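Participant: next input, structure requested:
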Amino acid sequence: MSEINIKEILEVEGEVRKFVGVSPEGFVLVHEKTLEDLKDFEIWKDWKNGLTSIEKMNKLNFQDT
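Facilitator: Model prediction:
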């Protein structure tokens, strides 16, 4: 049986890991700041063109809180 390294999980997945299994299948919980960020045209354009993702923005916003 392999060990579970909680510190490594938190470093890689951060606070987002807390919400795994909370939202229904096919849905993503989005940090309120992430929604605000998407109002910025440049950020929205990057997201639309696949240069960033909701998951990446969520991770950054959870780190800031």
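Participant: buried residues of the longest helix anywhere in the chain, list them for me.
Facilitator: Under DSSP state H, the helix in the chain containing the largest number of residues is helix 54-64. By neighbour count on 16 or more other C-beta atoms under 10 Å, the buried set for helix 54-64 is I54, M57, N58, K59, N61, F62. Every C-beta, even on glycine, is put in place using the N, C-alpha and C of the backbone.
Participant: output the contacting helices and strands for it.
Facilitator: helix 32-37, helix 41-48 (3 or more C-beta pairs under 8 Å, 6 or more residues apart in numbering; DSSP states H and E).
Participant: distance to P24, mean pLDDT and mean neighbour count for those - can I get that in CSV?
Facilitator: Conversion of the helices and strands packed on helix 54-64 to CSV gives the following (distance: least, C-beta to C-beta, whole Å; pLDDT from 0 to 100; neighbours: other C-beta atoms under 10 Å):
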stretch, distance to P24, mean pLDDT, mean neighbour count
helix 32-37, 19, 94, 14
helix 41-48, 22, 96, 12
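Participant: okay, those in a markdown table with distance to G26 next?
Facilitator: Listed next are these as a markdown table, based on distance: least, C-beta to C-beta, whole Å:
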| stretch | distance to G26 |
| --- | --- |
| helix 32-37 | 18 |
| helix 41-48 | 19 |
